[in-house]
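Q: sequence and predicted structure below; questions after.
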Amino acid sequence: MPYDLIAVGDVMLDGALPEPVAGGRVHGRIELRAGGSAPNAALAAARLGASAAVIGRVGADAAGRLVADELAAAGVEPLLARDADAPTGCVVVVGGASIVADPGASIRLAPDDLPSTLQAGAVLVSGYSLLQPGPRAAAQAALERARTDCLAVDAASARLVAAFGVERFFEATATAGVLFANAEEARTLTGLDADDAALALARRYRVVCVKLGRAGAIAATGGDMMRAEVQPVDSADTLGAGDAFAGGFLVSLSRGAELTVALRAGCDSATSALLETD
């Protein structure tokens, strides 16, 4: 069946731990949840009542089953390959600031893990997959196999973009109509501050969104640019908020909403994700 959104990329088990104390015991809440760029975006879409699927690779382990079960319980179809040799990837946020990441099986995503056609209102491909050697061929296959009027790529990491090469990035994402980037990634791609970067990138992509964290987001298309703010949320753990923004934005845009409405939907989705994990 066609979906409203298919998200392709890293699938992880996310964890949050309190700030450690050297030589002492800390009592606090320890959280585990489905995460990674693809699940975060798809879960945001599902919260809006959209049909969503995640394509990725997890380990043949308890963590992989936990992720798949949590996605299914939220109404997201987990189209996940199971890796017999690598564990499910994991990201742990410590004290709301430090992040420890083990990509695990997600780095082994392969073209054979994808269906022959990705038919959806919107397809989102994570830069974490496109810009790294292991899953790159799978991400490229996703871009080629997508059958959608709303094909999107998230730049994902300024460091990875720089290592990959800016012109090479533009060439690899030439078929995408929507680009997501944060301010640092946009600067890496253009050498410009967020507003000017959005307008410059909009000469290459139909729609560009630059995420500004607690300052909201801007969107550009052609020579036009608009801005939206986010509701202040007192949350130290912002992991996944940018992915949730992409999920909400794409669902709204693919349903025919005006760009200002889609931008608002993206910001509201990011806020909802933070409130759920707070």
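A: Nice, thanks for sending it over. Numbering: from 1, shown residues only.
Q: pLDDT weak spots in the stretch 51-200 of the chain?
A: Within the stretch 51-200 of the chain, the ranges that satisfy pLDDT under 70 run 96-97.
Q: quick one: the helices in the stretch 151-278 of the chain?
A: Remark: helices assigned in the stretch 151-278 of the chain by DSSP state H, counting those that start in this stretch are 158-164, 166-172, 183-190, 194-201, 241-254, 259-277.
Q: Thr88 and Ala241, how far apart?
A: Using C-beta to C-beta, to the nearest Å, we find Thr88 at a distance of 22 Å from Ala241. C-betas here are computed from N, CA, C, even on glycine.
Q: who's more crowded, those two?
A: Taking other C-beta atoms under 10 Å, Thr88 and Ala241 do not tie; Thr88 has more neighbours (29 against 24).
Q: let me see the backbone angles for that one.
A: phi -60, psi 140 (degrees, to the nearest 10).
Q: so it is in contact with Asp61, correct?
A: Yes - counting by C-beta atoms under 8 Å, Thr88 does reach Asp61; the two are 5.7 Å apart.
Q: right, so of the helices of the stretch 151-278 of the chain, which gets closest to Lys211?
A: Of all the helices of the stretch 151-278 of the chain, it is helix 241-254 that lies closest to Lys211, at 5.0 Å by C-beta to C-beta.
Q: list the helices and strands that closest one packs on?
A: Helix 241-254 is packed against strand 3-8, helix 37-47, strand 118-126, strand 151-154, strand 178-182, strand 207-211, helix 259-277, with contacts defined by 3 or more C-beta pairs under 8 Å, 6 or more residues apart in numbering; DSSP states H and E.
Q: export these to TSV and tack on distance to Leu109 and mean neighbour count?
A: TSV is the format used below for the helices and strands packed on helix 241-254 (distance: least, C-beta to C-beta, whole Å; neighbours: other C-beta atoms under 10 Å):
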stretch	distance to Leu109	mean neighbour count
strand 3-8	8	29
helix 37-47	10	31
strand 118-126	10	27
strand 151-154	15	28
strand 178-182	19	27
strand 207-211	24	27
helix 259-277	23	21
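Q: may I see those organised as JSON lines, with distance to Leu201 added?
A: Below are the helices and strands packed on helix 241-254 laid out as JSON lines (distance: least, C-beta to C-beta, whole Å):
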{"stretch": "strand 3-8", "distance to Leu201": "21"}
{"stretch": "helix 37-47", "distance to Leu201": "19"}
{"stretch": "strand 118-126", "distance to Leu201": "17"}
{"stretch": "strand 151-154", "distance to Leu201": "11"}
{"stretch": "strand 178-182", "distance to Leu201": "6"}
{"stretch": "strand 207-211", "distance to Leu201": "4"}
{"stretch": "helix 259-277", "distance to Leu201": "15"}
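Q: follow-up on the earlier one: got JSON lines for the helices of the stretch 151-278 of the chain, with distance to Leu151 too?
A: As requested, these are arranged in JSON lines below (distance: least, C-beta to C-beta, whole Å):
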{"stretch": "helix 158-164", "distance to Leu151": "18"}
{"stretch": "helix 166-172", "distance to Leu151": "13"}
{"stretch": "helix 183-190", "distance to Leu151": "18"}
{"stretch": "helix 194-201", "distance to Leu151": "15"}
{"stretch": "helix 241-254", "distance to Leu151": "10"}
{"stretch": "helix 259-277", "distance to Leu151": "15"}
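Q: secondary structure element holding Ala53?
A: strand 52-59 (DSSP states H and E).
Q: got the buried residues for the helix or strand following that strand?
A: Sequence-wise, the next helix or strand downstream of strand 52-59 (DSSP H and E) is helix 62-73. By neighbour count on 16 or more other C-beta atoms under 10 Å, the buried set for helix 62-73 is Ala63, Gly64, Arg65, Leu66, Val67, Ala68, Glu70, Leu71.
Q: before we move on, what about stretch 217-231?
A: For stretch 217-231, burial by neighbour count (16+ other C-beta under 10 Å) applies to Ala217, Ile218, Ala219, Ala220, Thr221, Met225, Arg227, Ala228, Val230.
Q: any idea how far the second one is from Ala228?
A: The gap separating Ile218 from Ala228 is 8 Å, by C-beta to C-beta.
Q: dump the residue contacts of Arg145.
A: Leu114, Pro115, Ser116, Thr117, Leu118 (C-beta atoms under 8 Å, 6 or more residues apart in numbering).
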